[in-house]
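Student: The following comprises the amino acid sequence and a computationally predicted model.
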Amino acid sequence: MSRAPLVLKVALLAGLGAFLVAPDAFAPLFRPFAPGDSPPIYAQTPLLRLAVNHIVLVAAATLAAGLLAVGFAIAATRPAGRDLLPFARAVANLGQTFPPVAVLALAVPVVGFGTVPTLIALVLYGLLPIFETALTGLGGLDPALLEAARGMGLTGRQRLVQVELPLALPMILSGIRVSAVIGLATATLGSTVAASTLGEVIVSGLLTGNTAYVLQGGLTVAAMAILVDAGFLALQRKATRRAGFRS
Amino acid sequence: MGETTATLERPGARRLGAIRPGLDPLGSVFAALIGLSLLTLPLMTARPNRIAAGESLMAWSALPPGRVLALGVVLGLAAPLLVLRIGPRLRVVAAGGALVILCLAAGWAADHLTLPGDRYGRVSPDAGWWLGFATAALALGDGLARLSPGPGIRIALLAGSAVLSGLALRSGFWDHLSILREYASRSDTFGREVRTHAGLALSSVAAAAAVAIPASILARPVPAARTALLSILNGVQTIPSMALFGMLIAPLGWIGRTVPGAADLGIAGIGAAPAFVALFAYALLPVAAATVAGLDAVPEPVRDAARGVGMTGRQCLLQVELPLARPAILTGIRIVLVQNIGLAVIAGLVGGGGLGVFVFQGISQNAGDLVLLGALPTVAMAGAAAILLDAVIDLGRGPERRR
């Protein structure tokens, strides 16, 4: 699937940056959506700080989910782990049937309000896409290729690091991309349990009936998601070329 | 190591009761977790009223002595069985036994810890109970997965467990548990919110399928239209759900006020309309992408053959391409239905009703059991939808092509 050209993305990035650094300059744009005299730009917390929190939270969760999921996928594709494969797949699938709000709400009585329940929900949600793609990437390699690597005298660990992982990297990256994009949207829900993310702006808008806030929060997250998606797609293409596939 | 035992395995060794030497790695983890949860974590929490701080009780102080013994004996039998390399049926029996005794223990503890006539005291499961329950459920799922039952049996099992849990809840056995006390004070609205929730999820998916499938059939052969369709829907997907629900309030409110007759159809800024539109919008991309992928996967020789026997484009589509793409399309619908059952919780935040009402009331009142009253039925609904649709997809594949 071809995506929008580079120029549009650079423009989007510039617009997003300008909005986060100087949101007040955009006040006239949001004025029509704010009811009565209420302020058109969210000011309780600087938008830039919320955006940074948001990104850091999602990055940490995606990193953790990526390490766990790739680890599981490696374990499940070794000879000793084959028995665990159907079970691991079932658990990952089950995790996805849990609604994100439910995960958040259920984590609160156990770990309290704030960032921790959000992080837990994000990691759980990020696992499945990465696990599935890592499994496809590692499990779908040509057996002849692995045989050749063995014939060259590579040990199991060398085969994994020098042959299997580089070849599976494009697939793994596509899983991380999906996971990060889902995470960016899910992190907004964290604000219902008092995590400091851009969801705060949306929740505040919903509670006060101020559509301008809802739009600000929603569009900022959407712009970040589009940019992250584009960034990972570029990485994925690079990895595909390095792995020697036709891109 | 797994390979040597596999070659030594006698035919029929997987029958009920057959035990092979060695330990089952996954089962050992389950057994360890069950033991850990019972011995080191509190089983129940008792609170004098709904929001007071609770007192965590270990199994032996939460239950009368005889019942502690029953719990210990059943779990003490089930856990070691899971460690051994037993057949899948025995595994299902052991895990199921652990699950049932934990459910019974919750009811016993609630009766034991509630003073006669006390209507404010709250008893709810604590960390140990939840960990034990989740582990037993995973072990049961693992046992069932190893049995790999056919789709018909899976549907029967699902229906059976739904009926059994319904009857058990009606029996009043758990009525002293906190979550059922929350239910008792909301029994008049609970049924309505469940219906609203299911209705929102089902109708939005049905509407999305009715729009996205024809749209992707039409757009797929034209590269420009296909790219445009998928990119636009992809863009919708990046808007966070809470924001999309919120953004729709203003325009739908405006339509409801200005377009004659719209308000009579239920189109308004507050209520179910924004929730329905948002869920519908989220459901479009997965269904469209699955339809396009399913049709793309139809082999070209099959199309040639269809044309060769003189089928028109329309006949080829209806009689050849769509039936071949059906499993892929159904998989897309399954993903979207499960996703929308979860997302419909957010409707509670914008006045759209559904089980989210309880979840967000619970969060704002800091009442964990009220959150559970909204969250548990949602999880059950999503899980049941996933099992049911997976079974339907398998049924459609026919016996020879099943996984």
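Tutor: Perfect, I can see it now.
Student: hang on, residue A:38 is in a helix, isn't it?
Tutor: No: checked against DSSP: H, G, I helix; E, B strand; the rest coil, residue A:38 lies outside a helix; its state is coil.
Student: and it, how many neighbours does it have?
Tutor: Residue A:38: 12 surrounding residues under other Cβ atoms under 10 Å in any protein chain shown. C-beta coordinates here come from the backbone N, C-alpha and C atoms, glycine included.
Student: So it sits against residue A:205, correct?
Tutor: No: using Cβ atoms under 8 Å, residue A:38 makes no contact with residue A:205, being 9.9 Å away.
Student: can you name the farthest residue from the center of chain A?
Tutor: What lies farthest from the middle of chain A is residue A:151; by Cα atoms, centre = their mean that is 38.7 Å.
Student: Quick check: neighbours shared by residue A:38 and residue A:205?
Tutor: residue A:212 (Cβ atoms under 8 Å, 6 or more residues apart in numbering or on different chains).
Student: Can you tell me the element residue B:360 falls in?
Tutor: helix B:356-365 (DSSP states H and E).
Student: helices or strands up against whatever helix or strand comes next after that helix?
Tutor: Tracing the chain past helix B:356-365, the next element assigned as helix or strand by DSSP H and E is helix B:368-397. Helix B:368-397 sits against helix A:85-97, helix A:100-111, strand B:122-125, helix B:151-170, helix B:178-184, helix B:187-219, helix B:322-343, helix B:356-365, with contacts defined as 3 or more Cβ pairs under 8 Å, 6 or more residues apart in numbering or on different chains; DSSP states H and E.
Student: make it 6 Å
Tutor: helix A:85-97, helix A:100-111, helix B:151-170, helix B:178-184, helix B:322-343, helix B:356-365 (3 or more Cβ pairs under 6 Å, 6 or more residues apart in numbering or on different chains; DSSP states H and E).
Student: Spell out which parts of chain B neighbour chain A.
Tutor: Within chain B, the positions near chain A by Cβ under 6 Å from any Cβ of the partner chain are B:141-142, B:145, B:227, B:230, B:238-240, B:242-243, B:246-247, B:250, B:338, B:342, B:345, B:359, B:368, B:371, B:375, B:378-379, B:382-383, B:386.
Student: just checking, residue B:123 touches residue B:113?
Tutor: Yes: between residue B:123 and residue B:113 there is a contact at 4.8 Å, judged by Cβ atoms under 6 Å.
Student: and residue A:75, how many neighbours does it have?
Tutor: What residue A:75 shows, counting by other Cβ under 10 Å, is a neighbour count of 14.
Student: Residue A:235: neighbouring residues, count only.
Tutor: Quick note: residue A:235 (other Cβ under 10 Å) scores 16 neighbours.
Student: can you pull up the bridge partners for the residue nearest to residue B:181 when sequence neighbours are not counted?
Tutor: Once flanking residues are discounted, residue B:181 sits nearest to residue B:122: 6.7 Å by Cβ to Cβ, 6 or more residues apart in numbering or on different chains. For residue B:122, the beta-bridge partners under DSSP bridges are residue B:47.
Student: Where do the helices of the stretch 201-350 of chain B begin and end?
Tutor: Taking DSSP state H, counting those that start in this stretch as the criterion, the stretch 201-350 of chain B carries its helices at B:223-238, B:241-247, B:249-258, B:272-296, B:300-308, B:313-316, B:322-343.
Student: so which of those is the most packed in?
Tutor: Highest mean neighbour count of the helices of the stretch 201-350 of chain B: helix B:241-247, a mean of 27 (counted as mean count of other Cβ atoms under 10 Å in any protein chain shown).
Student: Show me the contact partners of the lowest-mean-pLDDT helix or strand in chain A.
Tutor: Scoring the helices and strands of chain A by mean pLDDT, DSSP states H and E places helix A:85-97 at the bottom, with a mean of 72. Residues outside helix A:85-97 that contact it (Cβ atoms under 6 Å, 6 or more residues apart in numbering or on different chains) are A:72, A:76, A:124, A:127-128, A:131, B:141-142, B:145, B:338, B:382-383, B:386.
Student: show me where pLDDT drops low in chain A?
Tutor: Under the criterion pLDDT under 70, the flagged ranges of chain A are A:1-4, A:109-110, A:245-247.
Student: Report how many residues lie close to residue A:49.
Tutor: 11.
Student: so where does it fall, helix or strand?
Tutor: helix A:47-77.
Student: Give me the packing partners of that helix, helices and strands only.
Tutor: Counting contacts by 3+ Cβ pairs under 6 Å, 6+ apart, helix A:47-77 packs against helix A:6-21, helix A:85-97, helix A:115-139, helix A:165-189.
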